[in-house]
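In: Sequence and predicted structure are below.
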Amino acid sequence: MSGHGEAIVMVARRGGALSGVAEVPGDKSISHRALILGALSVGETRVTGLLEGQDVLDTAKAMRAFGAEVVRQGPGAWLVRGVGVGGLAEPSQVIDCGNSGTGARLIMGCMATSPITATFTGDASLRKRPMGRVTEPLALFGAEAYGRRGGRLPMTVVGAADPVPVRYTTPIPSAQVKSAVLLAGLNAPGETVVIEREPTRDHSERMLRGFGAEVSVEDVPEGRLIRLVGQPELRPQVVAVPRDPSSAAFPVCAALIVPDSDIFVPGISQNPTRNGLFTTLVEMGADIAFENPRTEGGEPVADLRVKFSALRGVEVPPARAASMIDEYPVLAAVAACAEGRTVMRGVRELRVKESDRIDAMARGLEACGVRVEEDEDTLIVHGMGPGGVPGGATCASHIDHRIAMAFLVLGLASRRPVTVDDGSPIATSFPAFEALMAGLGADIRRAMP
């Protein structure tokens, strides 16, 4: 069953070529951060292009609960009247973050150095995800956290009354952990330092600077060192959210594996900490042209022209995992339609996302007739070439939006239809997915009850 109400069974069938313009929604990571930093600013922040998926809407609701005024003014257009760093009010109700690990972890970070208490929960999927990776560094500031065994939600966080700055080395590559620590550092005196052994997406650093925080980044022998000077007065901004590369991955990958397809995907973020999938696809032989490169909202963007391609399997280097961690499910679907094997190593983090994504993709691909190998940190897909995947299976989404969309993309190129047991989680990140794909000519339908 879905974590969002009634399950929605969806079926994808092979049909004609995909064509047209795919206008994907705003970037989810940047949308979360725009709302949070707007709430921590003094004055009015205006956001355009905000992703209006359920994950981001839950973050908007949370920031209202902490005292900010968050108002929708039109499609993608939002106004945030902030309370300033250190100005968060104690919420009177439980903060429900729905399906969003990003929302939960970042909001915990931004309130952990204020003398307030908040209780967090989420849907069935989020309640399984580990929060200790965030609450452990937040404890260094003086915050306390009380949750279920294994550091899982529901969890109550008691913010530090007298926070201290910290120096923290992230044990795993995680933009969520890094960002939570930096947000906590905003209300701590002095300088907070985060060291990453491997770089992760840098939206927080970019946006913090845009809002007026003093943030510096340098490469050191230990990795990537980020310094933040605490207790700034953040200035409200006008934030234009670029389009989400993680959402763009689905129409892009569908066009690559559906014969004779030719689509145009405008305004996609090309942030180097997020573009690992596109780098990998090009290595596989993908016909992707990156047109009109420019900067929007402080982020590099480009328009993509994508055409059907005869792809070959590759070995994806482990160092690239952080820049494409959300795209491995759809890459696995593409790899099934390539010639030869695709090896994805260094992907252990996939096991603690909205679902165990390695297991979910492996079991679903096997059900569709694709040979797969896996271990704790590796997924290997033995490609069957264009048109070679038998399909004909019902695949479990595990309340995971990216798993659901990945198997629907696979169904567009399989010999027999592919069914997803529950597509309702797609609304958390890509509510326009069905309409967008239908506009390109994809045959993706809801099954009749």
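Out: Noted; the coordinates are in hand.
In: From now on I want contacts and neighbour counts done on CA atoms only, so please keep to that.
Out: OK.
In: which residues of the chain fall in helices?
Out: Here the chain has its helices, by DSSP state H, at 28-39, 54-65, 101-111, 132-141, 175-185, 203-210, 245-257, 276-283, 328-336, 357-367, 401-411, 433-440.
In: need those in JSON lines with mean pLDDT, mean neighbour count and distance to Val164, can you?
Out: Formatted as JSON lines, these follow (pLDDT from 0 to 100; neighbours: other C-alpha atoms under 10 Å; distance: least, C-alpha to C-alpha, whole Å):
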{"stretch": "helix 28-39", "mean pLDDT": "96", "mean neighbour count": "26", "distance to Val164": "21"}
{"stretch": "helix 54-65", "mean pLDDT": "97", "mean neighbour count": "23", "distance to Val164": "24"}
{"stretch": "helix 101-111", "mean pLDDT": "97", "mean neighbour count": "26", "distance to Val164": "14"}
{"stretch": "helix 132-141", "mean pLDDT": "97", "mean neighbour count": "21", "distance to Val164": "5"}
{"stretch": "helix 175-185", "mean pLDDT": "97", "mean neighbour count": "27", "distance to Val164": "8"}
{"stretch": "helix 203-210", "mean pLDDT": "94", "mean neighbour count": "19", "distance to Val164": "20"}
{"stretch": "helix 245-257", "mean pLDDT": "97", "mean neighbour count": "26", "distance to Val164": "36"}
{"stretch": "helix 276-283", "mean pLDDT": "98", "mean neighbour count": "19", "distance to Val164": "36"}
{"stretch": "helix 328-336", "mean pLDDT": "98", "mean neighbour count": "27", "distance to Val164": "38"}
{"stretch": "helix 357-367", "mean pLDDT": "97", "mean neighbour count": "21", "distance to Val164": "37"}
{"stretch": "helix 401-411", "mean pLDDT": "97", "mean neighbour count": "28", "distance to Val164": "38"}
{"stretch": "helix 433-440", "mean pLDDT": "98", "mean neighbour count": "18", "distance to Val164": "44"}
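In: which one of these lies closest to Arg197?
Out: Closest approach to Arg197 among the helices of the chain is made by helix 175-185 (11.4 Å; C-alpha to C-alpha).
In: Just the angle for the closest one relative to helix 132-141, thanks.
Out: Taking axes from the mean of the first three to the mean of the last three C-alpha atoms, to 10 degrees, one finds that helix 175-185 is oriented at 20 degrees with respect to helix 132-141.
In: Tell me the gap between helix 175-185 and the middle of its chain.
Out: Put simply, helix 175-185 sits 16 Å off its chain's centre (C-alpha atoms, centre = their mean, to the nearest Å).
In: Just send the helices of the chain back as a markdown table, with distance to Arg81 too.
Out: Listed next are the helices of the chain as a markdown table, based on distance: least, C-alpha to C-alpha, whole Å:
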| stretch | distance to Arg81 |
| --- | --- |
| helix 28-39 | 6 |
| helix 54-65 | 10 |
| helix 101-111 | 16 |
| helix 132-141 | 26 |
| helix 175-185 | 18 |
| helix 203-210 | 17 |
| helix 245-257 | 28 |
| helix 276-283 | 35 |
| helix 328-336 | 37 |
| helix 357-367 | 38 |
| helix 401-411 | 31 |
| helix 433-440 | 31 |
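In: just so I know, which of these lies nearest Val9?
Out: Closest approach to Val9 among the helices of the chain (C-alpha to C-alpha): helix 401-411, 10.0 Å.
In: Show me where the stretch 251-400 of the chain has its strands.
Out: 262-269, 287-296, 299-307, 315-316, 339-345, 371-375, 378-384, 394-395 (DSSP state E, counting those that start in this stretch).
In: who does the second one touch, helix- and strand-wise?
Out: Judged by 3 or more C-alpha pairs under 8 Å, 6 or more residues apart in numbering; DSSP states H and E, the packing partners of strand 287-296 are strand 299-307.
In: Tell me the strands beside the strand it packs on, with direction?
Out: Sheet pairing here is set by DSSP bridges, and for strand 299-307 it gives strand 262-269 (antiparallel), strand 287-296 (antiparallel).
In: So what touches the longest one?
Out: Read it as strand 287-296. 240-242, 256, 282, 300-309 (C-alpha atoms under 8 Å, 6 or more residues apart in numbering).
In: residue contacts, the residue in the chain sticking out farthest from the centre?
Out: Computed with C-alpha atoms, centre = their mean, the maximum C-alpha offset from the centroid of the chain is found at Asp162, amounting to 32.6 Å. Residues in contact with Asp162 (C-alpha under 8 Å, 6+ apart) are Thr113, Pro115, Gly142.
In: quick one: pLDDT of it?
Out: At Asp162, the model reports a pLDDT of 97.
In: do Pro449 as well
Out: Predicted confidence (pLDDT) for Pro449: 62.
In: start the count at 478, not 1, going forward
Out: Sure thing, new numbering starts at 478, so read that last one as Pro926.
In: Tell me the pLDDT of the residue nearest to Leu733 when sequence neighbours are not counted.
Out: Leaving out its chain neighbours, the residue that sits closest to Leu733 by C-alpha to C-alpha, 6 or more residues apart in numbering is Phe785, at 4.1 Å. Reading off the confidence values, Phe785 has pLDDT 98.
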